[in-house]
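S.K.: Test case, fold it:
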Amino acid sequence: MSKVDKDTSPEAAQQDIVRLKLSQSPVPDIELQGLPVFAPGWVWLAGAGPGDPGLLTLHAVNALKQADKVVYDALVSEDILSLVKPEAELLYAGKRGGKPSWNQQDITDKLIELAGQGHRVLRLKGGDPFVFGRGGEEAQALVAAQVPFRVIPGISAGVGGLGYAGIPVTHRDVNHAVTFVTGHLAGKHENELLDWHAIAKASPVIVIYMAMSRLAVIADLLMAAGRAGDEPVAIVTHATTPNQRVVTGRLAEAAQMAKQHRLEPPSIIVIGGVVDLASTLAWFGSLESAD
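M.R.: The predicted structure follows:
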């Protein structure tokens, strides 16, 4: 991974940023005591984090090591799936816009069916299952079917992904509040599902999931509510993975910036003053400016 271009002018003096290299050899197994036993007939709803296998929780690794069936989403990497036991069955349940995929009812039905057959069923989602991951709906279905379950939280991309981009979601000198929203339905309904005016007024920093196709609409809604067109914005793609890219610019040009730099999902968008911190705190992947 390359270094950020270094400005040697006195006013820009800062610590040189050295990119981390990825290991090609596995870390030796670590024996851990006190982790729960994955009993047959149970479903564990687990978050796999934003992409980097090192961000898995110990509970998630423990689940991967014991599961008989793993029902996983599109954002779960092969490196993470390689942690399963050899006899485990992997079932892909990823959703991608416009492509054939399981619907939510298919997924919940499969979880209930597999648990009813006495399998240890791991439902593995990117990020955190309860942060725009529909994990709450799946848990409700399991309760209705009287299937025992546990929840294993994961690191959400809106926190961990921005951390890898050098963008703190909160900073004492910048913001004391942050709002997390999903943007995939912005502008698609006559009665807008989110109160963008209230969000624009109340939150100094806004983190938006699943919004790449609606970025122009969202920028217009926020600016119409009073956000400045020159407010800093960053788009983080493939967060925490070797393909991570971070592009910074201004709110009014966000959609054009995404198109110009050929940015694609999965992406996290952050709007607010914390974006400016990436120029000094970026430590992983590439950092580009649209200015």
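S.K.: hey, let's count contacts and neighbours off CA atoms from now on
M.R.: OK.
S.K.: Need the per-residue pLDDT for residue 72.
M.R.: In this model, residue 72 is scored at 97, pLDDT.
S.K.: can you check the one 4 residues further on too?
M.R.: Per-residue confidence (pLDDT) for residue 76: 94.
S.K.: How about residue 189?
M.R.: Listed pLDDT for residue 189 reads 69.
S.K.: Also residue 105?
M.R.: Value for residue 105, per-residue pLDDT: 94.
S.K.: Surely it is within a strand?
M.R.: No. Assigned with DSSP: H, G, I helix; E, B strand; the rest coil, residue 105 falls outside any strand and is helix.
S.K.: from memory residue 44 sits against residue 149, does it?
M.R.: Yes. Using Cα atoms under 8 Å, residue 44 is in contact with residue 149, at 5.4 Å.
S.K.: between those two, which one's more packed in?
M.R.: More neighbours surround residue 44 than the other of residue 44 and residue 149, with 23 against 19 (other Cα atoms under 10 Å).
S.K.: got the residue ranges for the strands in the chain?
M.R.: Remark: strands assigned in the chain by DSSP state E are 43-47, 69-72, 89-92, 121-125, 149-152, 179-182, 206-209, 232-237, 245-250, 267-271, 286-289.
S.K.: would CSV of these with distance to residue 172 be doable?
M.R.: Output for these, formatted as CSV (distance: least, Cα to Cα, whole Å):
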stretch, distance to residue 172
strand 43-47, 29
strand 69-72, 37
strand 89-92, 42
strand 121-125, 32
strand 149-152, 30
strand 179-182, 16
strand 206-209, 16
strand 232-237, 18
strand 245-250, 21
strand 267-271, 16
strand 286-289, 23
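S.K.: Between those, which one is closest to residue 195.
M.R.: Among these, the nearest to residue 195 by Cα to Cα is strand 179-182 (10.6 Å).
S.K.: where in the stretch 151-291 of the chain is pLDDT low?
M.R.: The stretch 151-291 of the chain contains residues with pLDDT under 70 at 187-190.
S.K.: circling back: so which of the strands of the chain is the most packed in?
M.R.: Among the strands of the chain, strand 121-125 has the highest mean neighbour count (mean count of other Cα atoms under 10 Å), at a mean of 29.
S.K.: can you state the direction angle for that one and strand 43-47?
M.R.: Strand 121-125 and strand 43-47 are oriented at 20 degrees to each other (axes from the mean of the first three to the mean of the last three Cα atoms, to 10 degrees).
S.K.: Who are the packing partners of strand 121-125?
M.R.: strand 43-47, strand 69-72, helix 104-116 (3 or more Cα pairs under 8 Å, 6 or more residues apart in numbering; DSSP states H and E).
S.K.: so how far is the longest one from its chain's centroid?
M.R.: Okay, so that is helix 104-116. Centre-to-centre, helix 104-116 and its host chain are 24 Å apart (Cα atoms, centre = their mean, to the nearest Å).
S.K.: go on, the shortest one?
M.R.: Put simply, strand 69-72 sits 19 Å off its chain's centre (Cα atoms, centre = their mean).
S.K.: what helices or strands is that strand leaning on?
M.R.: Counting contacts by 3+ Cα pairs under 8 Å, 6+ apart, strand 69-72 packs against strand 89-92, strand 121-125.
S.K.: Output those strands in a markdown table; the columns should cover distance to residue 40 and mean pLDDT.
M.R.: Shown next, in a markdown table, are those (distance: least, Cα to Cα, whole Å; pLDDT from 0 to 100):
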| stretch | distance to residue 40 | mean pLDDT |
| --- | --- | --- |
| strand 89-92 | 15 | 96 |
| strand 121-125 | 8 | 98 |
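S.K.: now the ones you listed in TSV, with distance to residue 34?
M.R.: As requested, the helices and strands packed on strand 69-72 are exported to TSV (distance: least, Cα to Cα, whole Å):
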stretch	distance to residue 34
strand 89-92	26
strand 121-125	19
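S.K.: show me what contacts residue 155?
M.R.: Going by Cα atoms under 8 Å, 6 or more residues apart in numbering, residue 155 touches 47, 48, 49, 50, 55, 56, 127, 128.
S.K.: With residue 193 instead?
M.R.: 185, 186.
S.K.: Sounds good, over and out.
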